[in-house]
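Participant: Could you work out the structure for the sequence below:
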Amino acid sequence: MFPNRQMLLILPILIIASGACSAASAADAPPPPCRLVPEDAVMSVTLKKPKAVLDLLLRPRLIEAIESSPQYKTQAATKGFKDFRGLVKLLEQRLETDWRSIIRRLVGRGVTWAIDPRGDSLLIVDAIDGEVLKETHDLLLLVINAEAKKNGAAGAVTPIKYAGAAIWSIGPNAAHAVVGKRLILANSIPRVKAALDLMTKKDGKSLAAVPAYRKAIGDAPKAAAVTAYVNSAALKRIPAIAASLKASANPLLALLTGPITQALAASTHMSISLTVRNDTLTIDAISNGTAPAIGPLRFAAANTPTGGAAANLVTPRRIAAMSLHRDLQAFYASKDKLFGERTSGLIFFENMMGIFFTGRDLGKEVLGQTAPKIRLVVAEQKYDPLEGAPSVQFPAAALVLEMKDPKKFAPILEEAWQKAIGLVNFTRGQKAQPGLVIDRPVHRKTKYTVAGFTTPGAGDPQDANVRLNVRPTLAMPGNYAILSSSETLARDIMDALAKESAAAPKQLAGVHSLLELSGTQLASILKANCRNLVRRNMVEKGHTLKQAQTEVDSLITLARTMSHMTLSVGADKARSKISLEIRLNLPSGKTGEKK
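Facilitator: Numbers count the residues shown, from 1 in each chain. I've put the predicted structure just below:
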């Protein structure tokens, strides 16, 4: 009837996982959890406001949505899951309440998990209700002993007495002790003993006395429901992590992530926190490392304290937008230091730029003519109803640059753009494929260049109308240069720039990278391509039509659940900060369970 021993070992963690040191209000409160964590811990995570997290996760309508999903139903049909549910129901009967209330009473005063350099882990759970903790523990021991007896094992699980507490070992890698309303769970008996020693010694060498820990936890927002301390100095001694923090050999990736990896590489500690406000989750990561304002990675540093990336452009049907503060000339000037070897990507880039900007210095006369404000917009396309929508719909993408001297640089960029179109036409002509036809229409008094394919004829292949996704466009309104894959998006961006200019452009002080993503709009374009995605799923994964449809529907649902995401990365003189805000679109409804 019941799951095997491994399943029983996981059960407490499954219950706890539903949900700076926690401060208890009771007069006989035990010492804060950080007092039980060894001083050399490489990571410590504390759920200090369980209610905020549980109120989000335990909504009846959200649980109903999960239980009605095909993935849940598949998992629920397995024997292990049925055994687990049987054990939970038995616990509900003994405590005369439901599992939601049990979770709240088990973890209501906080949960802390820590790991040390040797890989030893420690989990501390502070329950609101000691009786619930005792009943849960007694039931687990009862089931474990019954399972052992069924398998022919001799004797019941018996505790080891230590420091006035009972330590239970229920497997080679699991030991625990229950002290009042506190559960201490570790992967070995010595680790539990060490925690008990620290709990009874006020002057013990615990994480609570480490200055870096106190500083990191102090940096976390006061409203955070979850806080974490990371000893990045210790983690960087792990070869895989050290390798991941090295500068990328890919020029584009180095341009995007170089300042972030450098800041992490320079840090010795950091804090990570989760704040829950209604349906909005905010994750803040703050480290004491920053990318240097001098040297090869200076290309992301703002020249003034108020300098930073520009606000993202807002356009119709926008899926994603990115804004970067990057000095392209400084980045290119540092290429020899950033990239010890000339990569194929860098060689290709320089060769192509040499063709488009013949005879000009790529650093000073080309990249040096752009301001350090780079913006990217990705949007769902709007198609001409007379031509119809293509069988596969690609999102449109546009790069927006700010020119320092438009009168000087605009003609150079126009020439390079038309050379690029000519190269595409030449290459397609060699393959007997239709080329692009250039036109020069006007929008908002700006004459721009657009190249498009002729409308597919009756004799074209069935998927030829995929070409309707592409109308390369160059527009240069005022000081801006817009390079877009779609004419419609280029016009939308011209409208957005005009609106932005009228309201005074915003600059995000201290922020060098900003990314926004609309889950609702992403779900829209996924749904528009649903038939093609299902077909690809069946071919690539060998799924049946039903399986493929279920997987694609789940992807669309997941995208729709994340209503909006904003990621910002910045720094000041003393620290770097990464902030991720996610607005969820979850089923609403009051919890209604017993408290």
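Participant: which ones are touching Ala320?
Facilitator: Ala320 makes contact with 376-378, 515-518, 522, according to Cβ atoms under 8 Å, 6 or more residues apart in numbering. All C-beta spots, glycine's among them, are computed from the backbone N, C-alpha and C.
Participant: before we move on, what about Thr280?
Facilitator: Contacts of Thr280 (Cβ under 8 Å, 6+ apart): 581-584.
Participant: Relative to Met322, how far out is it?
Facilitator: Distance of Thr280 to Met322, computed by Cβ to Cβ, to the nearest Å: 21 Å.
Participant: try Ile482
Facilitator: For Ile482, the distance to Met322 - Cβ to Cβ - is 15 Å.
Participant: Isn't Asp219 up against Ser287?
Facilitator: No. Counting by Cβ atoms under 8 Å, no contact exists between Asp219 and Ser287, whose distance comes to 9.1 Å.
Participant: Identify the contacts common to those two.
Facilitator: Arg575.
Participant: higher neighbour count, the two?
Facilitator: Ser287 (25 against 20; other Cβ atoms under 10 Å).
Participant: Mind listing the residues bridging to that one?
Facilitator: Met270, Ser576 (DSSP bridges).
Participant: Buried residues in the helix or strand containing Glu147, which are they?
Facilitator: Here Glu147, judged by DSSP states H and E, is contained in helix 130-150. Buried residues in helix 130-150, defined by neighbour count with 16 or more other Cβ atoms under 10 Å: 132-133, 136, 139-141, 143-145, 147-148.
Participant: what's the lowest-pLDDT member of these?
Facilitator: pLDDT across the buried residues of helix 130-150 is lowest for Ala148, at 72.
Participant: Distance check, the closest residue to Lys527 other than its chain neighbours against Ile525.
Facilitator: Excluding its sequence neighbours, the residue lying closest to Lys527 (Cβ to Cβ, 6 or more residues apart in numbering) is Ile556, at 5.6 Å. Per Cβ to Cβ, Ile556 is found 10 Å from Ile525.
Participant: Any regions of this structure where pLDDT drops low?
Facilitator: 1-29, 152-156, 291-297, 303-305, 340, 455-464, 573, 588-595 (pLDDT under 70).
Participant: Now the top helix by length along it: buried residues?
Facilitator: Determined from DSSP state H, the single longest helix within the chain is helix 406-430. Using 16+ other Cβ under 10 Å as the test for burial, helix 406-430 gives 406, 409-410, 412-413, 416-417, 420-421, 424-425.
Participant: now those as CSV including distance to Ala266?
Facilitator: Converted to CSV, the buried residues of helix 406-430 look like this (distance: Cβ to Cβ, whole Å):
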residue, distance to Ala266
Pro406, 38
Phe409, 35
Ala410, 40
Ile412, 38
Leu413, 37
Ala416, 38
Trp417, 40
Ala420, 39
Ile421, 44
Val424, 43
Asn425, 48
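Participant: Which two of the contacts of Thr280 have the greatest separation?
Facilitator: Glu581 and Leu584 (10.6 Å; Cβ to Cβ).
Participant: For these two, list the residues in contact with both.
Facilitator: Common neighbours of Glu581 and Leu584 (Cβ under 8 Å, 6+ apart) are 280-281.
Participant: so after the helix or strand hosting Gly80, what's the next helix or strand?
Facilitator: Assigned by DSSP H and E, Gly80 falls within helix 79-95. Note on helix 79-95: by DSSP H and E, the next helix or strand toward the C-terminus is helix 99-107.
Participant: Let me know the angle separating that following helix from helix 79-95.
Facilitator: 80 degrees (axes from the mean of the first three to the mean of the last three Cα atoms, to 10 degrees).
Participant: Lys364 and Leu328 touch, don't they?
Facilitator: No. Contact criterion Cβ under 8 Å: Lys364 and Leu328 do not qualify, at 11.3 Å.
Participant: which residues are in contact with both of these two?
Facilitator: With Cβ under 8 Å, 6+ apart, Lys364 and Leu328 have no common neighbours.
Participant: The two - which one has more neighbours?
Facilitator: When Lys364 and Leu328 are compared on other Cβ under 10 Å, the one with more neighbours turns out to be Leu328, at 21 against 12.
Participant: Walking through the stretch 151-300 of the chain, point out its helices one by one.
Facilitator: For the stretch 151-300 of the chain, applying DSSP state H, counting those that start in this stretch gives helices covering 189-200, 211-219, 232-235, 239-244, 251-266.
Participant: I'd like those as a markdown table, with distance to Ser69 appended.
Facilitator: Shown next, in a markdown table, are those (distance: least, Cβ to Cβ, whole Å):
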| stretch | distance to Ser69 |
| --- | --- |
| helix 189-200 | 38 |
| helix 211-219 | 37 |
| helix 232-235 | 35 |
| helix 239-244 | 34 |
| helix 251-266 | 34 |
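Participant: Of all those, which one comes closest to Pro477?
Facilitator: Of the helices of the stretch 151-300 of the chain, nearest to Pro477 by Cβ to Cβ is helix 251-266, at 25.2 Å.
Participant: That closest one: which residues count as buried?
Facilitator: Buried-residue list, helix 251-266, by 16+ other Cβ under 10 Å: 251, 254-266.
Participant: right, and Gly388 touches Asn465 too?
Facilitator: Yes. Gly388 lies in contact with Asn465 (Cβ under 8 Å); the separation is 7.0 Å.
Participant: Tell me which of the two has more neighbours.
Facilitator: Asn465 (19 against 12).
Participant: SS state for the more buried one?
Facilitator: The local conformation at Asn465, judged by DSSP: H, G, I helix; E, B strand; the rest coil, is helix.
Participant: swap in Thr566?
Facilitator: Taken by three-state DSSP, the conformation at Thr566 corresponds to strand.
Participant: where's it relative to Asp116, distance?
Facilitator: According to Cβ to Cβ, Thr566 stands 35 Å off from Asp116.
Participant: So for these two, which residue has more residues nearby?
Facilitator: Taking other Cβ under 10 Å, Thr566 and Asp116 do not tie; Asp116 has more neighbours (21 against 16).
Participant: Right, I'll call it a day here.
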